[in-house]
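attaching a predicted model along with its sequence, questions to come.
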Amino acid sequence: MPQVTLGKSNSVMIDTMIQSSAPDGNYQGSTTMIVGKYGVGVISRALLYFDLGLIPNDVIINAAQLNLYKESGSAININIHHLTEKLDTSTTWNSQKSFEATPVASFSTSETNGALSVDIKDVVQSWVNGSKANNGILLKAADEATTATSSFRSNESSIQSNLPTLTIDYTIPSTGKKQVEYLGNGIAHMNTNVSSLLVSLPPYQEGDLMLLQVIISNQNQINAPSGWTLEYQDNVGGGRTAIFSKIARASETPPTVTLATGTANWHAGTYSFRNVKSILTKTKSVAASPNGNPSPTGFSVAKTDTLAVLIDSVFGAPGTTPPLSFDEKYDAANGYYTRFLATRYLHDQTGLTSSDLSHLIGGTHYWASYVFVLEPITNNTPSITLTSPTDNQTLSEGNALPIQGTAGDTDNGNVVTVKYKINNGPTRAIASGVSDGSSPISFARTLMYSNKRLWDGSTDVAGADLAEGVDHTLAVWAEDDQGGKSAEVTRKFRVIWNRPPVISGANEDLGTIMVPPSKTYTVTEPEGNPFSITEKINGNVIRSFEGVAGREETVT
């Protein structure tokens, strides 16, 4: 279970206070945050915001502790409230953000100063699963009519220990994931004076997004490997860099990158991401002259819960510092070039500015800095339970093949359609319903076997005669309107084309006869086909004639 502590060193963070005695006063630079009432009716409140870019969206929060340090004051009870407007550094008493009246957590301080931790697990869980926007939190005295305060250390304190932080322990669900995951990278390839390069693959499975980053020492054209899509290719100083993408197939061949002409020195490698629906947007910035401050163009998208992927191609070998709230995933240099990758989950945010993306590299160098915004697959796959038919049935003329069961979808509002097919015949729908997130959707359809085929009413669902003596397959599954499909549930069955006529009565011994015997009987034909009757004694034919089903016959 990963554990991350968010603070000013790694997260976009705001901590400040507001006071009624200075309605337009801004305390962003204050070394303390006071909560409670003091002096002549002065009310003071603290506000904090932690960006959750290092925490995947929609994960399970096992624990979340707000860590504070009480520097002075008395014992008071403090309530924590959700802010309903985004906290910013310009907040004052007169421009304070609105908040929910009902506290979402509370804690008490004592007369003793020191570090304390407050459980806000439910608060953080609501942020990461999207039920509440992460606008920040407000700390206010439960009783603002009584004179008593507690003073907490802020991030502006000259004492750098015990600053406000948020420690989060989380688990990524094993199924129904709703976040893009970075899987890893392939081997770094660093070759000199070659015209092509075979690049190893990153960890992957079918459907994963793979990115290929290439840096070369001159401005020769870099050709896309077979099956890969060019995302960017730019001249940077005297060199060139390119990024290609591909959705992985079940079995992939390592790509070979070639130059249109000539040879170059290379630095190349691959990365992979899981549960990617699409690249929503991409931006870039290329240094026109050497400097140490990459800052890609900002972006805005219409989706939330995305992942921003920052990729740098640096013509030099400096150390790279990611932007705040970005998690550094890869940083490798070969003495001449550096490839760098970092990610940030956006949760309820729909964009970042160039300032949000700005970061530092050591020294001054040429660079190209790219951002890819990856949309996750957030739809849960529907499920299906097939209660009928049973497996390995045998069907003859006029038999029914009932298809019954239930479908389910945990995504409220999805339209779920149950479908089926026989062998490789056409797909047909059985039933549809709108999921409420929990209740099963029932379905039922009865097929009839007749004249060597299966019929859904008057429609031939197999599209061909069903052969005798071999297994045929009924496949049933559920699809939702978001592109999700359940696993197919199958049943095997066989068919009998023609059964023999049936003669009434049973074999019997007539004993010793003194007069010619006479016996009556009837004949039925299961499929209703024409038939003939032959009567014999000791193998000798007495008579043969065309039969009529159900008519009483007499043999004498």
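Sure, I can see it. Numbering: from 1, shown residues only.

what's the longest strand in the chain?
strand 60-73 (DSSP state E).

what's that one packed up against?
Secondary-structure packing of strand 60-73 (3 or more Cβ pairs under 8 Å, 6 or more residues apart in numbering; DSSP states H and E): strand 32-38, strand 114-119, helix 121-128, strand 148-153, strand 165-171. All C-beta atoms are positioned from the backbone trio N, CA, C, and that covers glycine.

among the ones you listed, which comes closest to Thr378?
Evaluated with Cβ to Cβ, these place helix 121-128 nearest to Thr378, the distance being 13.2 Å.

what's next to the closest one, contact-wise?
The contact list for helix 121-128, computed with Cβ atoms under 8 Å, 6 or more residues apart in numbering, reads 52, 55-64, 80, 82, 104-105, 132-134, 137, 166, 168, 170, 347-348.

same check on stretch 102-111?
Contacts to stretch 102-111, defined as Cβ under 8 Å, 6+ apart, come from residues 70, 73-82, 116, 118-120, 122-123, 126, 137, 142, 150.

drop anything exposed from these.
The neighbour-count criterion (16 or more other Cβ atoms under 10 Å) marks 70, 73, 76, 78-82, 116, 118, 120, 123, 126, 137, 150 among these as buried.

which element is Pro254 on?
Under DSSP states H and E, no helix or strand contains Pro254.

isn't Lys477 up against Val489?
Just so we're on the same page, residue 477 is Trp rather than Lys. Yes - applying Cβ atoms under 8 Å, one finds Trp477 in contact with Val489, separated by 6.8 Å.

intersection of neighbour lists for these two?
Ile384.

looking at those two, which is more packed in?
Neighbour tally, Trp477 and Val489, criterion other Cβ atoms under 10 Å: the higher count belongs to Trp477, 21 against 16.

residues in contact with the nearest residue to that one once chain neighbours are set aside?
Nearest residue to Trp477, sequence neighbours excluded (Cβ to Cβ, 6 or more residues apart in numbering): Glu488, at 4.5 Å. Neighbouring residues of Glu488 by Cβ under 8 Å, 6+ apart: Ala475, Val476, Trp477.

what do you get for Thr253?
Contacts of Thr253 by Cβ under 8 Å, 6+ apart: none found.

ok, it to Ala242 distance?
Using Cβ to Cβ, to the nearest Å, one gets 19 Å for the distance from Thr253 to Ala242.

in its sheet, what does the host helix or strand of Ala46 sit against?
Take DSSP H and E as the rule and Ala46 turns out to sit in strand 42-50. Paired neighbours of strand 42-50 in the sheet (DSSP bridges): strand 13-19 (antiparallel), strand 32-38 (antiparallel), strand 137-141 (antiparallel).

off-centre distance for the last one?
Strand 137-141 sits 35 Å away from the centroid of its parent chain (Cα atoms, centre = their mean, to the nearest Å).

CA atoms only: put it into PDB for me.
Extracted as PDB, the C-alpha positions of strand 137-141 are listed here (Å, rounded to 0.1, in the frame of the first residue of the first chain):
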ATOM      1  CA  ILE A 137     -10.300  22.800   4.000                       C
ATOM      2  CA  LEU A 138     -11.200  25.400   6.700                       C
ATOM      3  CA  LEU A 139     -10.200  25.100  10.400                       C
ATOM      4  CA  LYS A 140     -12.300  27.000  12.700                       C
ATOM      5  CA  ALA A 141     -13.000  26.900  16.400                       C
END
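
report the beta-bridge partners for Met13.
Assessed by DSSP bridges, Met13 has beta-bridge partners Phe50.

burial of it, as a residue count?
Using other Cβ under 10 Å, Met13 has 21 other residues around it.

ok, back up a step: tell me which residues of the strand holding Ala46 are tucked away?
Across strand 42-50, burial judged by 16+ other Cβ under 10 Å covers Ile43, Ser44, Arg45, Ala46, Leu47, Leu48, Tyr49, Phe50.

Val301 and Thr364: what is the separation?
Taking Cβ to Cβ, one finds Val301 at 32 Å from Thr364.

could I get the full set of strands for the stretch 251-400 of the chain?
Here the stretch 251-400 of the chain has its strands, by DSSP state E, counting those that start in this stretch, at 256-259, 266-274, 276-286, 299-300, 307-315, 320-321, 327-333, 338-345, 351-352, 360-361, 366-376, 383-388, 393-395, 400-408.

for the ones you listed, give me JSON lines that also has mean pLDDT.
Shown next, in JSON lines, are those (pLDDT from 0 to 100):
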{"stretch": "strand 256-259", "mean pLDDT": "97"}
{"stretch": "strand 266-274", "mean pLDDT": "97"}
{"stretch": "strand 276-286", "mean pLDDT": "96"}
{"stretch": "strand 299-300", "mean pLDDT": "97"}
{"stretch": "strand 307-315", "mean pLDDT": "97"}
{"stretch": "strand 320-321", "mean pLDDT": "93"}
{"stretch": "strand 327-333", "mean pLDDT": "95"}
{"stretch": "strand 338-345", "mean pLDDT": "98"}
{"stretch": "strand 351-352", "mean pLDDT": "96"}
{"stretch": "strand 360-361", "mean pLDDT": "94"}
{"stretch": "strand 366-376", "mean pLDDT": "97"}
{"stretch": "strand 383-388", "mean pLDDT": "96"}
{"stretch": "strand 393-395", "mean pLDDT": "94"}
{"stretch": "strand 400-408", "mean pLDDT": "97"}
